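S.K.: 3D model of this:
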Amino acid sequence: MQKPNVLLLGANEILEAALRGALKDSCKVLPVAVAADSIADEYARRQAGAVIVFLDAGVMSDRFTAMGQVAAAGGTVIVVSPSKDPDLILRAMRAGAREFLLEGDQEGLRQAIRSHAQSARAGDAADTSSVVTVFGAKGGVGSTTIAANLAGALQAAGQRVCLVDLNMHLGDVLSFMDVPGTYSISDVVANMARLDDELLSSSMIHHSSGVDVLAQSGKMEDAEQIDAGDVSALLAFLRRHYDKVVIDGIRGFDEISLAALDASQHVLMVLTQDVPAVRNGVRCLETFRRLHYDEAKVRVVLNRYQKASKITLGVIGETLRLPVAHALGNDFASVIDAINRGLLLKDAAPRARLTQDIQDLVPLVSAGDKQPVARRSFLGGLFGSKKVANGAS
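M.R.: Residues are numbered from 1 along each chain as shown. A predicted model of the protein is given here:
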């Protein structure tokens, strides 16, 4: 995501240069000299996140008019002044200013930009981004293979992608992507308040495909400090910086898993053509329905599809009461070769049928993105206890 544009109104050249220097890492400062009744149009045209207005004791009334125009259009006004004159502050706030800062308060200004301008842009980004959770109906169905290669396919399609491994203790994403575990999930959670786009990028694990990877890595002892609220905040934060956030490592319906599922616009429930997987699929779908998830949110993906199997696509769809949305071919040789070489399928086996099957998942998780609807309760009303949610008796 690009730095937000911030308009600057009423500053002289010296102040303009000082503000550009102070805010170079936070935003792009654009000086404007337009009539007060045109500032809102300029604000919209430049897709600005905020407007900084310089006020002093001899300020002209048209600056307050401009501030009112921006505020009325839903924009953010930040006032900079050489002194905190009470009358000036009162007039500015009445005109719609969100912040009133002293001219030399560069750190305060940076924080205001991050709080208002970047969050405004981030909200727009979050409206068009989405979280995709690859959810295995049982262990060993190939969820990590699908998650890693789907992330690569989405990145190759021109989207900015982050792959998150929420198996905090024994996740496989780092191994599948053949990248070192440096910055962890707990590190990001602890520093979200101060991470902007550039700082986040410098803290992520970068795969050669362009996908950014986030896992708990070797800091398993810190995983116990991460709760469901942290996961919800993390995914909302990542949505503001990426077009797609792909999640692997979700197993069952504990609190962290539910937080990730709730935050997802797309859930790909992966199963294989065997009785235990299909039975677990039935149980999972019953739980999704009790969670009041939209029917379009959960899609069934059949991995290692074999046409000759007695457990056909029709049988699976009838048993689940939900048709199989997509089937991936059975190509163990290509998959294990790619894993052992630390490559994605598109690089290790670009002509394999399975590689195309993965590519065909892209439109499945790109249509109809929308903000997920919050559930009425988290765990208590649905399961009664965390033990039951984890499948224990």
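S.K.: Distance check, the residue nearest to the spatial centre of the chain against Val211.
M.R.: The centroid of the chain falls nearest to Arg239 when counting by C-alpha atoms, centre = their mean (2.0 Å). Distance of Arg239 to Val211, computed by C-beta to C-beta, to the nearest Å: 16 Å. (C-beta placed from N, C-alpha, C; glycine too.)
S.K.: any low-confidence regions in this structure?
M.R.: Applying pLDDT under 70 to the chain flags residues 1-3, 59-60, 115-127, 193-197, 218-221, 223, 367-393.
S.K.: As a quick check, tell me the outermost residue of it.
M.R.: The chain, farthest from centre, C-alpha atoms, centre = their mean: Gly58 at 45.5 Å.
S.K.: Give me the contacts around the longest helix seen in the chain.
M.R.: The single longest helix within the chain, with elements called by DSSP state H, is helix 275-290. With contact meaning C-beta atoms under 8 Å, 6 or more residues apart in numbering, helix 275-290 is reached by 135, 137-138, 141, 253, 261, 267, 269, 271, 297-298, 300, 311, 316, 319-322, 382.
S.K.: Out of the residues you listed, list just those in strands.
M.R.: Residues of the contacts of helix 275-290 located in strands (DSSP state E): 135, 267, 269, 271, 298, 300.
S.K.: The longest helix of the chain versus strand 266-271: what angle between them?
M.R.: Helix 275-290 runs at 150 degrees relative to strand 266-271, counting by axes from the mean of the first three to the mean of the last three C-alpha atoms, to 10 degrees.
S.K.: Give me the buried entries from the contacts of helix 275-290.
M.R.: Applying 16 or more other C-beta atoms under 10 Å to those, the neighbour count classes 135, 137-138, 141, 253, 261, 267, 269, 271, 297-298, 300, 311, 316, 320, 322, 382 as buried.
S.K.: these two touch, right, Thr133 and Leu261?
M.R.: Yes - with contact defined as C-beta atoms under 8 Å, Thr133 reaches Leu261; the gap is 6.0 Å.
S.K.: Now do the shared contacts for those two.
M.R.: Contacts common to Thr133 and Leu261, judged by C-beta under 8 Å, 6+ apart, are 250, 267.
S.K.: hey, what's Gly329 bridged with?
M.R.: For Gly329, the beta-bridge partners are Tyr305 (DSSP bridges).
S.K.: who touches it in this structure?
M.R.: Contacts of Gly329 by C-beta under 8 Å, 6+ apart are 304-305, 353-354, 357.
S.K.: can you pick the most crowded of those residues?
M.R.: Leu354 (23 neighbours; other C-beta atoms under 10 Å).
S.K.: what about that one, which helix or strand?
M.R.: helix 353-359 (DSSP states H and E).
S.K.: Remind me what the strand or helix carrying Val164 packs against, helices and strands.
M.R.: In this structure, Val164 sits in strand 161-165 according to DSSP H and E. In terms of contacts (3 or more C-beta pairs under 8 Å, 6 or more residues apart in numbering; DSSP states H and E), strand 161-165 is packed against helix 143-156, helix 173-177, strand 212-214, helix 228-239, strand 244-248.
S.K.: can you tell me which of these comes nearest to Gly68?
M.R.: helix 228-239 (31.7 Å; C-beta to C-beta).
S.K.: Lys346 reaches Ala156, doesn't it?
M.R.: Yes - counting by C-beta under 8 Å, Lys346 touches Ala156, with 6.7 Å between them.
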